[in-house]
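Enquirer: Need coordinates for the following:
(one chain, ligands or ions: 1)
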Amino acid sequence: MMDGLIDIGANLAHDSFDEDRDEIMQRAAAAGVARMIVTGSSDESNVQAAALAEASSGVLFSTAGVHPHHASDYTDDSDALIRSLVKKDVVVAVGECGLDYFRNFSPREAQLEAFARQLEIAKDTGLPVFLHQRDAHDDFVETLEPALPHISRAVAHCFTGEHESLREYLAMGLYIGITGWICDERRGKHLHDIAHIIPDDRLLIETDAPYLLPRTLRPKPKTRRNEPAYLPEVVRVVAEARAQSVEHIARITAENARRFFSLPPCE
Ligand SMILES: [Zn+2]
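Expert: Residues are numbered from 1 along each chain as shown. Sure, this is the predicted structure:
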């Protein structure tokens, strides 16, 4: 039994949770997940995530940003909305933002512009930034690196890359967010092998619920919808990959999350 865990990436504003969000939160608490950072990824989800956080203060916090998939919709109003939401105490980071050339749902030019504008918000506000990158490593580093000296902290959320990019991110000072991707014996084996190079003080854990259900969960859940209550499985597999105890992983990742997002002490 673990306690005090912090899920740094839960898409609780997602409509797949509309029917049973309260039960999802109860199950998370029962599983030892004390706090969750609700990911904002579009104008609509940014408003919703902040409202959820305000309704469950001390347990839920949120981010405000526009995912690269929605970069085409990034308007001056989106920018103003993020800037106004981050003034709230419960909104603790800018993002998720970044680049995704795997799907290219938005054209690359739009992605680059939306990303740069959100990095400006992180600079202006001093808030940490919650980053998404897929198949866009070079442009991502090129855009991010000049901004980093002016940004308080940054996390590569749902890191799924190779050894080389992990080393590069660590050298840039990034925190690394590990999801249940590491529990996937097909796609995540390389991650399992390199997880040990992340220093104790840079490691963060997340479910990315409702996505990325850990494949190692037993018994297998009836649906493929992931939820924060499954975070202990990520802890278990990360601990195994790093040859550390689950208690150690639980403790350091919670400490790191508190520091990263400047969370208030637990009530
Ligand atoms: Zn993401």
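Enquirer: Flag the shaky bits of the protein, pLDDT-wise.
Expert: Where the chain drops to pLDDT under 70, the residues are 267.
Enquirer: can you give me the helices in it?
Expert: Remark: helices assigned in the chain by DSSP state H are 21-30, 43-55, 76-85, 108-125, 137-144, 163-171, 189-194, 231-242, 246-261.
Enquirer: and Asp7, which of those helices is closest to it?
Expert: Closest of those to Asp7 is helix 231-242, at 5.0 Å (criterion: C-beta to C-beta). The C-beta positions use only the backbone N, C-alpha and C, and glycine is treated the same way.
Enquirer: quick check: angle from the closest one to helix 246-261?
Expert: 110 degrees (axes from the mean of the first three to the mean of the last three C-alpha atoms, to 10 degrees).
Enquirer: Just the CA trace of helix 231-242, in CSV.
Expert: Output of helix 231-242 as CSV, limited to C-alpha atoms (Å, rounded to 0.1, in the frame of the first residue of the first chain):
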residue,chain,number,x,y,z
LEU,A,231,-0.6,5.1,-10.6
PRO,A,232,0.8,2.6,-8.1
GLU,A,233,1.4,0.2,-11.0
VAL,A,234,3.6,2.9,-12.7
VAL,A,235,5.4,3.2,-9.4
ARG,A,236,5.9,-0.5,-9.1
VAL,A,237,7.4,-0.9,-12.6
VAL,A,238,9.5,2.3,-12.3
ALA,A,239,10.9,1.0,-9.0
GLU,A,240,11.7,-2.4,-10.6
ALA,A,241,13.4,-0.7,-13.6
ARG,A,242,15.5,1.5,-11.3
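Enquirer: Kindly state the beta-bridge partners for the residue nearest to Ala136 when sequence neighbours are not counted.
Expert: The shortest distance from Ala136 to any non-neighbouring residue, by C-beta to C-beta, 6 or more residues apart in numbering, is to Leu99 (3.6 Å). Assessed by DSSP bridges, Leu99 has beta-bridge partners Gln133.
Enquirer: got the buried residues for stretch 148-168?
Expert: By neighbour count on 16 or more other C-beta atoms under 10 Å, the buried set for stretch 148-168 is 148, 151, 153-161, 165-166.
Enquirer: Thr63: which of these is nearest?
Expert: Nearest to Thr63 out of the buried residues of stretch 148-168 is His157 (C-beta to C-beta; 9.4 Å).
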